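J.: I'd like to go over a predicted model; first the sequence, then the structure.
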Amino acid sequence: MTFFHIPKLWQLPESSVTPEHVFLKRRRFLQTLLGVGLASASLTELGCQSQSNAKDPFAGIKPLTSRPNRAFTVSDRPLTNERLAATYNNFYEFGGSKSTWQNAQALPIDNWKVNVTGLVKQPRTYDLDDLLKRFPLEERIYRFRCVEAWAMVVPWLGFPMNALLREVEPTASAKFVRFTSYFDPQVTPGPSFPPARFLPFPYFEGLRIEEMANDLAFFAVGIYGHTLPKQHGAPIRAVLPWKYGFKGAKSIVKIEFVAQQPDTFWNTIRPGEYKFEANVDPKVSHPRWTQERERLIANGADFNWVEIPTLKYNGYESYIAHLY
């Protein structure tokens, strides 16, 4: 399938910061963006589909018990305010604006299943109870860096990906892993424009096996001491802190081990802009904006943008530089 018929709407990157007084008023924010376009995973949504009446960004969450992993913390910048993190999200299946948390409340997570298949000796299907109880849960505080040049610091709860690798035992032929996210056109309408029918849903992403086995690679089932809100990718998402955020597939339903490098969602749509590896690197600019600096969403009751230099591999070079 090709996608050459998708209109080229992306004339300005979201890295051009919208003034705060406009940003905090959603209606004026959307009007400002209308016809301009958003960069990357936040392509313009010209009016939300399937608008939810949800008012609570923490609807349905439950407390989660985990142990802090002191090896993975952040001391050079503050933890992002939880409400800000919960209401400023990319979740393209539910729309193209940053307020997709409202639409995302429609995500059905009861009776969730994750199918692990492909080139493994022990294929498995995990339900939600397995995800919460089978693997020892820990809390890791990670930097989060979006390709759009904004950043957060987030306390994820979950388990390392290599724990799942040990359980399913990939064969020697397995060189890559492919993640597939939940998609149902009746529930996940996608953006208003371009229409979802022109896009290669369901969302899919991939890693090399060596990347998945790295100590940093993480499956999150919670955040800020509780289960994941739906807009964060409940009930399970990938967290890869040295890569741009779009590599972290949300609401995963399938994990497939394969021999050949898999296609990925954004690389399929915009191959000149979104590479398979997608590692954070200030010296490698996006074609439409620099990645040398980022806008940190810091503490506070409202958005407080702090511009800081981008760290190579998002500050995790000692863990993963040998892979590249």
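T.: Received, thanks. Numbering: from 1, shown residues only.
J.: grab the nearest non-local neighbour of residue 155.
T.: Excluding the flanking residues, the one nearest residue 155 by C-beta to C-beta, 6 or more residues apart in numbering is residue 141, at 4.8 Å. All C-beta spots, glycine's among them, are computed from the backbone N, C-alpha and C.
J.: could you confirm that neighbour falls within a strand?
T.: Yes. Residue 141 sits within a strand when classified using DSSP: H, G, I helix; E, B strand; the rest coil.
J.: ok, it - contacts?
T.: 72, 73, 74, 79, 153, 154, 155, 156 (C-beta atoms under 8 Å, 6 or more residues apart in numbering).
J.: pull up the gap between it and residue 135, please.
T.: Here residue 141 is placed at a distance of 19 Å from residue 135 (C-beta to C-beta, to the nearest Å).
J.: for this structure, which spans come out with low pLDDT?
T.: 1-54, 299-303 (pLDDT under 70).
J.: mind redoing it with 80?
T.: 1-55, 298-304 (pLDDT under 80).
J.: helices along that one, start to end?
T.: Taking DSSP state H, the helices of the chain run over residues 20-23, 26-33, 82-87, 101-104, 128-133, 161-168, 209-213, 265-269, 317-320.
J.: residue 224 is nearest to which of the ones you listed?
T.: Nearest to residue 224 among those is helix 82-87; the distance by C-beta to C-beta comes to 4.8 Å.
J.: quick one: contacts of that closest one?
T.: Under C-beta under 8 Å, 6+ apart, the answer for helix 82-87 is 57-58, 98-99, 101, 152, 154, 223-224, 229, 231-232, 297, 300, 302-303.
J.: ChimeraX command to pick out the buried ones of those?
T.: Here is the ChimeraX command that selects only those of the contacts of helix 82-87 that count as buried (16 or more other C-beta atoms under 10 Å):
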select :57,58,98,99,101,152,154,223,224,229,231,232,297,303
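J.: out of the contacts of helix 82-87, which are inside strands?
T.: In strands, defined here by DSSP state E, the members of these are 152, 154, 223, 297.
J.: what sits against the last one?
T.: Okay, so that is residue 297. Taking C-beta under 8 Å, 6+ apart, one finds 80, 81, 84, 85, 88, 150, 151, 152, 303, 304, 305 in contact with residue 297.
J.: quick check: bridge partners of it?
T.: Counting by DSSP bridges, residue 297 is bridged to residue 305.
J.: for the residue nearest to residue 180 when sequence neighbours are not counted, grab the count of nearby residues.
T.: What sits nearest to residue 180 in space, not counting adjacent residues and going by C-beta to C-beta, 6+ apart, is residue 254, at 4.0 Å. If you count neighbours by other C-beta atoms under 10 Å, residue 254 ends up with 19.
J.: can you check residue 80 too?
T.: Neighbour tally, residue 80, other C-beta under 10 Å: 23.
J.: OK, contacts around the residue nearest to it when sequence neighbours are not counted?
T.: Closest residue to residue 80 apart from its sequence neighbours, by C-beta to C-beta, 6+ apart: residue 152 at 4.1 Å. Counting by C-beta under 8 Å, 6+ apart, residue 152 makes contact with 80, 84, 85, 143, 144, 296, 297.
J.: what of residue 155?
T.: Contacts of residue 155 by C-beta under 8 Å, 6+ apart are 79, 139, 140, 141, 223, 224, 225.
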